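S.K.: give me a 3D structure for the following:
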Amino acid sequence: MSRTSIRNKLILSFLVLLLLLMIVVAVINRLTHDYYTAQAISVALALAAGAFFGGYFSRSIVSRLKSLSAVATEISHGDLSKDIPLVSRDEIRDLEEVFAAMVKDLRRMISDIKNVALQMEETNKALGSLSQKVLASSEEIDASAMSIAKGSEQQTMIVQKTSLIINNSVDQMDAAGRQSAQTVSKIKDALVKTGSGEAKAREILTYLDNVLRQIAENTKPIYRLSNKIEKIKMVMHVMDEVAQKTELLSLNASIEATRAGEMGKGFALVANEIRSMAENSKQSSQEIGRIVDDIFEDNKAVIEALRKSETDVGKGRGIITSVVGTFRDMVSGVKEISAEVKAVEAVTLSQVKEIRGLLTHFETLSRLAQENFVSTQKTTVGTRNQKEGMQKIVQLMQSLNTLSERMMASQRRFRLRGD
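M.R.: This is a model prediction of the structure:
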């Protein structure tokens, strides 16, 4: 569409007015033959025509500027639903096009902000759900660690009781060696007690098998926790990207508001607020990342402690198996002693020596059980630290949710086309 500048319009109007005056002067001069009368009439007509054309041009320009001012006022109140009419064919057309481009950019930016806020809300919901699952897993791990600690304590008590039984057996077999006259009856007693010791040892072996199975079952949530932490890291990466995109959009909004001058001051404040919220979101995301890393390290420590506990319990099982075999040998030896009364003293001394070796094994088993108990205590501390870390993550999720709601509230101030 061709354009005519206001300057050209004024020049053209002046020329037309001048031509009309010349014609009017010539006509009146010819009709009246009075030069002064013609001049007076011409001046009056010139003033009337000048007032007419001046009023016409001023009303045209003022009406278009008022139209733009009204649209700018609606924009400052958040209404972006109306289009800028492009009706001028002069310099005001440039101003109309600038306003139209600004409205278009503002619509696109507000729409992008809305999408970003929705993405943040969805991401926050997903991360909150995942955090709740991880927190539940931490509670399960804590309960499992407490169960393992209780089992370790029971194991220590059983080992101590078994050691006491073996000590009693040693004392009784020593007495049998000193009292040769009562060797046979005492050997029978020792046979019964040795069988009882073997049964106790088998009971301990069965208990340790159950402990090993329980440890294997209880460590499964810990290994699953590592995978869940990796998922949290992926979600945090998405949140970082969303925060960066929001910060970039707010920067573009500030630039557009600066271009708009006085009309864009209100929008500049909104853009600065959005950029501040994006920076807070980014800082929260980084804080969550650090907490997740701490949880990951604690989880590694828990896994190592559980593996050591499993190894220690396995060693204890091996010792108990050895004890069971030794008890079996003891029973066989006692039976041979009952059949060979003459060698009872020598066999008794041999049995005492073997039982003292068993006591050494049980002392080792008791030490391993104590170490296992300490390891489970460390596991309990680690899982509690994980629980505290996840609670901090939940608090940060609530903070992010508040930021997302503030972004949505800021976006609702603007009304787009179709809203």
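
S.K.: give me the mean pLDDT for the helix or strand encompassing residue 298.
M.R.: In the assignment (DSSP states H and E), residue 298 maps to helix 265-339. Averaged across helix 265-339, the pLDDT comes to 69.

S.K.: for stretch 147-155, same thing?
M.R.: 66.

S.K.: what ranges do the helices span in the stretch 1-150 of the chain?
M.R.: For the stretch 1-150 of the chain, the helices defined by DSSP state H, counting those that start in this stretch occupy 6-32, 35-76, 91-178.

S.K.: how many neighbours does residue 214 have?
M.R.: 15 (other Cβ atoms under 10 Å). All C-beta spots, glycine's among them, are computed from the backbone N, C-alpha and C.

S.K.: then residue 39?
M.R.: With other Cβ under 10 Å as criterion, residue 39 counts 13.

S.K.: distance of it from residue 32?
M.R.: Applying Cβ to Cβ, to the nearest Å, the value for residue 39 to residue 32 is 11 Å.

S.K.: just residue 311 next, same as before
M.R.: From residue 311 to residue 32 the distance is 129 Å (Cβ to Cβ).

S.K.: residue 337 too?
M.R.: Separation of residue 337 from residue 32 (Cβ to Cβ) stands at 167 Å.

S.K.: can you pick out the residue with more neighbours from these two?
M.R.: Per other Cβ under 10 Å, whichever of residue 337 and residue 32 has more neighbours is residue 337, with 26 against 12.

S.K.: residue 402 versus residue 290, what's the distance?
M.R.: From residue 290 over to residue 402 (counting by Cβ to Cβ), the distance is 20 Å.

S.K.: wait, residue 36
M.R.: 85 Å.

S.K.: those two: which is more packed in?
M.R.: residue 402 (13 against 8).

S.K.: next one, pLDDT for the more buried one please.
M.R.: pLDDT, read off for residue 402, is 71.

S.K.: which element is it on?
M.R.: helix 344-412.

S.K.: any idea how many residues pack against residue 103?
M.R.: Neighbour number of residue 103 under other Cβ under 10 Å is 21.

S.K.: ditto for residue 59
M.R.: Neighbours of residue 59 (other Cβ under 10 Å): 10.

S.K.: just use 398 as the starting number from now, easier for me
M.R.: Taking 398 as the first residue, the last one we looked at is residue 456.

S.K.: for residue 684, see how far away it is.
M.R.: Residue 456 is 61 Å from residue 684, by Cβ to Cβ.

S.K.: and residue 698, by the same measure?
M.R.: Residue 698 is 22 Å from residue 684, by Cβ to Cβ.

S.K.: got the domain boundaries for the chain?
M.R.: 403-473, 500-809 (automatic domain parsing).

S.K.: quick check: residue 529 vs residue 412, distance?
M.R.: 81 Å.

S.K.: who's more crowded, those two?
M.R.: Neighbours were counted for residue 529 and for residue 412 using other Cβ under 10 Å; residue 529 has more, 14 against 10.

S.K.: need the pLDDT of that one.
M.R.: At residue 529, pLDDT is 71.

S.K.: how close does it sit to residue 782?
M.R.: 18 Å.

S.K.: please apply the same query to residue 800.
M.R.: 27 Å.

S.K.: again with residue 503
M.R.: In terms of Cβ to Cβ, residue 503 sits 48 Å off from residue 782.

S.K.: and the two? Which one has more around it.
M.R.: Neighbours per residue (other Cβ under 10 Å) separate residue 503 from residue 782, with residue 503 holding more: 21 against 18.

S.K.: count the residues that sit near the spatially closest residue to residue 530 that is not a sequence neighbour.
M.R.: Among residues not flanking residue 530 along the chain, residue 625 sits closest, at 6.4 Å (Cβ to Cβ, 6 or more residues apart in numbering). By other Cβ under 10 Å, 17 other residues sit near residue 625.

S.K.: cool, the one 10 residues further on as well?
M.R.: Burial of residue 635, expressed as a neighbour count using other Cβ under 10 Å, amounts to 16.

S.K.: helix or strand: which one has it?
M.R.: Residue-wise, residue 635 maps onto helix 617-657 under DSSP H and E.

S.K.: quick one: average confidence on that helix?
M.R.: 69.

S.K.: surely residue 601 meets residue 551?
M.R.: No - assessed by Cβ atoms under 8 Å, residue 601 is found out of contact with residue 551, at 10.2 Å.

S.K.: for these two, indicate the residue with more neighbours.
M.R.: Shown here are residue 601 and residue 551; by other Cβ under 10 Å, residue 601 has more neighbours (24 against 13).
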